[in-house]
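>>> Kindly return the folded structure for what I paste below:
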Amino acid sequence: MSRSPDEPPDDHAVRRAWREALGVALATSAYGVSFGALAVAAGLDVWQTCILSLVMFTGGSQFAFVGVVGAGGIAAAPAAIASSVLLGVRNVAYGVRMAPVVGGGALRRAAAAQFTIDESTAVALAQDDPRARRVAFWVTGVGIWIGWNVSTLAGALLGDVLGDPRAYGLDAAAAAAFLALLWPRLRRRQAIAVGCAAAIVATVLTPALMPGIPVLVAASVAVVVGLTNLFGEGGAPDTEPEDVPEREGLP
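Okay, the predicted model is just below:
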């Protein structure tokens, strides 16, 4: 159960939020080195790579962009942009969920939008105390933003020294990260069916279509299954995982 906003803050919970947030920030920031190296290998220069991290700042979309451009060149730019936008749409849902956690006026929420990512949302929602949630959100989001941009610069500068990122397995880093995010969600029949179907579609279409297009087609599988609830249990939509605290303060 979540704590009421009227209850006094739990100092232990806040300290724990700081520890968890900093731990996630450090681990995720190190991952930016691979993005910097891959972006340079895909044809971007150091400044383009750094600006992409400063402005876009959503790891999955960034990797999708440079991956598609690297595979298909400038001709694949439309598919790269579409893939990045599609992956970034999830942050809109995160923003709706995090609005009561962030609180404050329009200015604070506008600032929070830049830091509303997978990690900041997950660490914040893992806390029970309202103050600890806010601390977790801001520390995780700001910490990753700083660390990610620093490590992106380092990776971009070291790109030529490192050579081909594939020699170190960095080309598989994005796929591994996506699988790590997906795996905990594969708890219900519908989620498993969507994941398997999308993987099969993407695998079959990849040799035949322009890079990036198979990802968009595979994503349509999730849309169709979600709208029709083909594999839903008892016709009811999936609920939030048990480890996600109940909603509070939503309008």
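>>> Check which helices and strands the strand or helix carrying V14 sits against.
V14 belongs to helix 11-30 when assigned by DSSP states H and E. Contacts defined by 3 or more CB pairs under 8 Å, 6 or more residues apart in numbering; DSSP states H and E place helix 11-30 against helix 118-125, helix 130-162. Glycine gets a C-beta too; all of them are placed from N, C-alpha and C.
>>> For G105, give me phi and psi.
The phi and psi values for G105, taken as degrees, to the nearest 10, are phi -90, psi -170.
>>> Distance of it relative to R131?
Using CB to CB, to the nearest Å, G105 is found at 18 Å from R131.
>>> more crowded one of those two?
R131 (18 against 7; other CB atoms under 10 Å).
>>> Would you mind splitting the protein into its domains for me?
According to automatic domain parsing, the chain is divided into the following domains: 11-172, 186-241.
>>> Tell me which of these is the most buried.
Across the domains of the chain, averaging neighbours per residue (mean count of other CB atoms under 10 Å) puts domain 11-172 on top, at a mean of 19.
>>> for it, what is the average pLDDT?
The average pLDDT within domain 11-172 is 80.
>>> ok, now which ones touch A27?
Not one residue lies near A27 by CB atoms under 8 Å, 6 or more residues apart in numbering.
>>> Swap in 10 Å and give it another go.
Residues near A27 by CB atoms under 10 Å, 6 or more residues apart in numbering: 119, 144, 147.
>>> how much space between the last one and F57?
Going back to what we said before, that points to G147. 11 Å.
>>> Same check on the second one?
In this structure, I144 and F57 are 8 Å apart, going by CB to CB.
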